[in-house]
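Peer 1: Model the following, please.
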Amino acid sequence: MKRGIVYLVGAGPGDPGLLTVRGAEVLRQADVVVHDRLTHPALLALAPEQAEKVDVGKWPDRRGDQEAVNAILVRRAQAGQRVVRLKGGDPFVLGRGGEEAQALMAAGVPFEVVPGVTSAVAAPAYAGIPVTHRGRSSAFTVVAGHSRSVGTDGGDEAAGATNWEALAAAGGTIVVLMGVANRAQVARRLMAGGLPPSTPVAVVCWGTRPEQRSLRTVLGELGAVPVEAPATIVIGQVASLDLRWYEDRPLFGKTVVVTRPAHQAPALTERLSALGAGVVEVPAVQLRPPADGGRALTEAAGRLSGYAWVAFTSANAVEALFRLVPDTRALAGAKVAAVGTATADALRSYRVVADLVPADHTARGLAAAFPPAPSDPTAPRRALLPQAGGARPELRQGLASLGWEVEVVEAYRTVPAPLSPRLLSQAAQADAICFASPSAVDSYLDQGGPVPPVVACSGPVTARAAAARGLRVSAEASEHTMDGLVEALVKVLAGGTVG
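Peer 2: Residues are numbered from 1 along each chain as shown. Sure, this is the predicted structure:
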């Protein structure tokens, strides 16, 4: 039996981009992931699909059974599994990772600690607050604000209670974690230790996540400020600094639904997230092999040099064909056309430069830009169109009208993907939804998908399909690319208007 091991991995404070490289490595090798309540779904998605996910989250209104968590880790590792214990922030910064390590060591279970980015530093940074700053603070203290630390569940002499008065006298920045419920007592004791009521305070709720909200107050008013957990409380002169960047991004506070296939969604998600949006991935369609199992496509791939042109209307078609082409020299004298820049980029990844990319990134635009077939009857006149099953006939008809002998080959099929009630519930709260194809529009609406106030489409064909289904399209990409779609969304959402 293989030897099990436990990785105590810091997941960071919320933004999945803050996971360390080592953390991602061990997640990709996990047999089981034991995670906290607030773990971002994107981090769980890094684990193998077959890996078991065990939620051992501790909710604010009840204490989790740490002994039970320890037992899960020991039992799974002793069964020979690679266990990732995914913990918010850093496992050894107020995360009880030390207790878990002790339990593993006592049971003779090997473990590795993978440090993470702590919210004590990251949440203030995302709110534009450095925890140290020349002339204001040269040190910072991280302290728990739960009842045992404040002394409210056992008096000021309770084991583990913090000497807040001494902390106030020590100076520097004070960062309080898990202190929302006891913030009034924390403020009272710090003022009793000598901190003025006018001491600047910043509270960062849901730090580093799209729903982050930061507010400024002073120590004397901290108890009266409406705050929700989870929150990081920063006390000291640095809290008066406002070097904001995260909350000033153009899509901050907006939630966008992405309906692209699961393997294509991350690129758009990353772009939207970088602009501050929260993203709900709801893959409305999925790609499947051709109905004939790929026989026709394989035959066409074997005689590429016999075509005068090979025209692609999607990056998916490029991928489907070139998986069957071991050497691009098989194209020989054939010219290559791409419907748009995204498709041309897919070709370029195979070191093939498109001979034709129309200014109008549609099948109709490609047909309009295509040259007529040669008048010489001995010249090659065959054109290959690897397309999605059921693709619209505009390109085929357009090329045929120019004298080309068109061979359409099914490269893949786009079929509806089942949408979970959980995802649809999240989509109902979104500000906008993106559609990149008519098939995504149909699948989403046929399954009762809720329509947010803003509907964005990646081109005129998709926009017409959405309008035909009764949707009001608020944003349409002027350039049929991912960047064009994002630009259209920013114009509508950041501009504060719909339509």
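
Peer 1: low-scoring stretches of the stretch 251-400 of the chain, by residue?
Peer 2: By pLDDT under 70, the stretch 251-400 of the chain has no low-scoring segment.

Peer 1: Which stretches in it count as helices?
Peer 2: With DSSP state H, counting those that start in this stretch, the ranges of helices along the stretch 251-400 of the chain come out as 265-274, 295-301, 315-322, 341-348, 363-369, 394-401.

Peer 1: Dump those into TSV; add distance to Met482 and mean neighbour count as well.
Peer 2: All C-beta atoms are positioned from the backbone trio N, CA, C, and that covers glycine. Below are the helices of the stretch 251-400 of the chain laid out as TSV (distance: least, Cβ to Cβ, whole Å; neighbours: other Cβ atoms under 10 Å):
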stretch	distance to Met482	mean neighbour count
helix 265-274	6	17
helix 295-301	26	17
helix 315-322	11	22
helix 341-348	7	19
helix 363-369	18	20
helix 394-401	22	18
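
Peer 1: Identify whichever of the ones you listed lies nearest to Pro418.
Peer 2: Closest to Pro418 of these is helix 265-274 (Cβ to Cβ; 15.7 Å).

Peer 1: who does the closest one touch, helix- and strand-wise?
Peer 2: Here helix 265-274 touches strand 255-258, strand 278-281, helix 482-493, going by 3 or more Cβ pairs under 8 Å, 6 or more residues apart in numbering; DSSP states H and E.

Peer 1: Sheet partners, orientation included, of the first one?
Peer 2: Read it as strand 255-258. strand 278-281 (parallel), strand 432-435 (parallel) (DSSP bridges).

Peer 1: outside of the last one, which residues touch it?
Peer 2: The contact list for strand 432-435, computed with Cβ atoms under 8 Å, 6 or more residues apart in numbering, reads 254-260, 268, 427, 441, 444, 451-458, 462, 465-466, 474-475, 485, 489, 492-493.

Peer 1: For PyMOL, write the selection for the buried entries among those.
Peer 2: The following PyMOL line selects those of the contacts of strand 432-435 that are buried, judged by 16 or more other Cβ atoms under 10 Å:
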select buried, resi 254+255+256+257+258+259+260+268+427+441+444+451+452+454+455+456+457+458+462+465+466+474+475+485+489+492+493
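
Peer 1: all strands of the stretch 351-499 of the chain, in order?
Peer 2: 382-388, 405-416, 432-435, 454-457, 475-476 (DSSP state E, counting those that start in this stretch).

Peer 1: between those, which gets the lowest average pLDDT?
Peer 2: Of all the strands of the stretch 351-499 of the chain, the minimum mean pLDDT falls on strand 475-476 (a mean of 90).

Peer 1: can you give me the offset of that one from its chain's centre?
Peer 2: 22 Å (Cα atoms, centre = their mean, to the nearest Å).

Peer 1: Switch the helices and strands packed on helix 265-274 over to CSV; also include distance to Glu99.
Peer 2: Putting the helices and strands packed on helix 265-274 into CSV (distance: least, Cβ to Cβ, whole Å) gives the following:
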stretch, distance to Glu99
strand 255-258, 36
strand 278-281, 33
helix 482-493, 44
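
Peer 1: OK, contacts around Leu485?
Peer 2: Leu485 sits in contact with 268, 434, 436, 456-458, 475, 477, where contact means Cβ under 8 Å, 6+ apart.

Peer 1: ah, wrong one, I meant Pro372
Peer 2: 402-403 are the contacts of Pro372 under Cβ under 8 Å, 6+ apart.

Peer 1: related to what we said a few turns ago, can I get the strands of the stretch 351-499 of the chain in CSV including distance to Gly294?
Peer 2: Formatted as CSV, the strands of the stretch 351-499 of the chain follow (distance: least, Cβ to Cβ, whole Å):
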stretch, distance to Gly294
strand 382-388, 11
strand 405-416, 8
strand 432-435, 28
strand 454-457, 30
strand 475-476, 34
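
Peer 1: Please work out which of these is packed deepest.
Peer 2: strand 432-435 (a mean of 28; mean count of other Cβ atoms under 10 Å).

Peer 1: Send me that strand as CSV with only the CA atoms.
Peer 2: C-alpha atoms of strand 432-435 as CSV (Å, rounded to 0.1, in the frame of the first residue of the first chain):
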residue,chain,number,x,y,z
ALA,A,432,-24.3,40.7,-16.3
ILE,A,433,-24.1,37.6,-18.5
CYS,A,434,-21.8,36.9,-21.4
PHE,A,435,-22.8,34.8,-24.4
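
Peer 1: can you give me how far it is from the chain middle?
Peer 2: With Cα atoms, centre = their mean, you get 15 Å for strand 432-435.

Peer 1: same thing with stretch 295-302?
Peer 2: When distances are taken as Cα atoms, centre = their mean, stretch 295-302 is centred 36 Å away from the chain's centroid.

Peer 1: what sits up against it?
Peer 2: Outside stretch 295-302, the residues that reach it (Cβ under 8 Å, 6+ apart) are 290, 320-321, 324-325, 330, 384, 386, 407, 409-411.

Peer 1: quick one: secondary structure of Arg189?
Peer 2: Secondary structure, DSSP: H, G, I helix; E, B strand; the rest coil: Arg189 is helix.

Peer 1: if we can go back for a sec, Lys2 is nearest to which of the helices and strands packed on helix 265-274?
Peer 2: Closest to Lys2 of these is strand 278-281 (Cβ to Cβ; 33.4 Å).

Peer 1: Show me what counts as buried in the closest one.
Peer 2: Neighbour counts over strand 278-281 (16+ other Cβ under 10 Å) mark 278-281 as buried.

Peer 1: Show the contacting residues for the residue lying closest to Lys335 once chain neighbours are set aside.
Peer 2: Counting by Cβ to Cβ, 6 or more residues apart in numbering, Lys335 lies nearest to Asp355, which is 4.3 Å off, once chain neighbours are set aside. Contacts for Asp355 (Cβ under 8 Å, 6+ apart) come out as 335-337.

Peer 1: quick one: which of the residues you listed is nearest Ala224?
Peer 2: Within the contacts of Asp355, proximity to Ala224 (Cβ to Cβ) peaks at Ala337, which comes in at 66.2 Å.

Peer 1: how about the CA coordinates for stretch 469-488, as CSV?
Peer 2: Only the C-alpha atoms of stretch 469-488 are listed here, as CSV (Å, rounded to 0.1, in the frame of the first residue of the first chain):
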residue,chain,number,x,y,z
ARG,A,469,-35.1,34.7,-27.8
GLY,A,470,-36.5,38.0,-26.3
LEU,A,471,-33.3,39.2,-24.6
ARG,A,472,-32.3,42.9,-24.7
VAL,A,473,-28.6,43.0,-25.6
SER,A,474,-26.9,45.8,-23.7
ALA,A,475,-23.3,45.2,-24.8
GLU,A,476,-22.0,43.8,-28.1
ALA,A,477,-18.4,43.5,-28.9
SER,A,478,-17.4,45.8,-31.7
GLU,A,479,-14.5,43.4,-32.2
HIS,A,480,-15.4,39.8,-32.2
THR,A,481,-12.7,38.8,-29.6
MET,A,482,-12.6,38.2,-25.9
ASP,A,483,-11.0,41.7,-25.4
GLY,A,484,-13.8,43.2,-27.4
LEU,A,485,-16.4,41.5,-25.2
VAL,A,486,-14.7,42.7,-22.0
GLU,A,487,-14.4,46.2,-23.4
ALA,A,488,-18.1,46.3,-24.2
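
Peer 1: Give me the distance between that stretch and the centre of its chain.
Peer 2: 20 Å.

Peer 1: Stretch 246-255 now?
Peer 2: On the basis of Cα atoms, centre = their mean, stretch 246-255 sits 14 Å off its chain's mean C-alpha point.

Peer 1: contact partners of that stretch?
Peer 2: Outside stretch 246-255, the residues that touch it by Cβ under 8 Å, 6+ apart are 126-128, 208, 210-212, 214, 272, 274-280, 429-432, 489-490, 493-494.

Peer 1: one more time with 10 Å
Peer 2: When contacts are defined by Cβ atoms under 10 Å, 6 or more residues apart in numbering, stretch 246-255 is touched by residues 15, 125-128, 204, 207-214, 271-280, 426-427, 429-433, 452, 454, 486, 489-491, 493-495.
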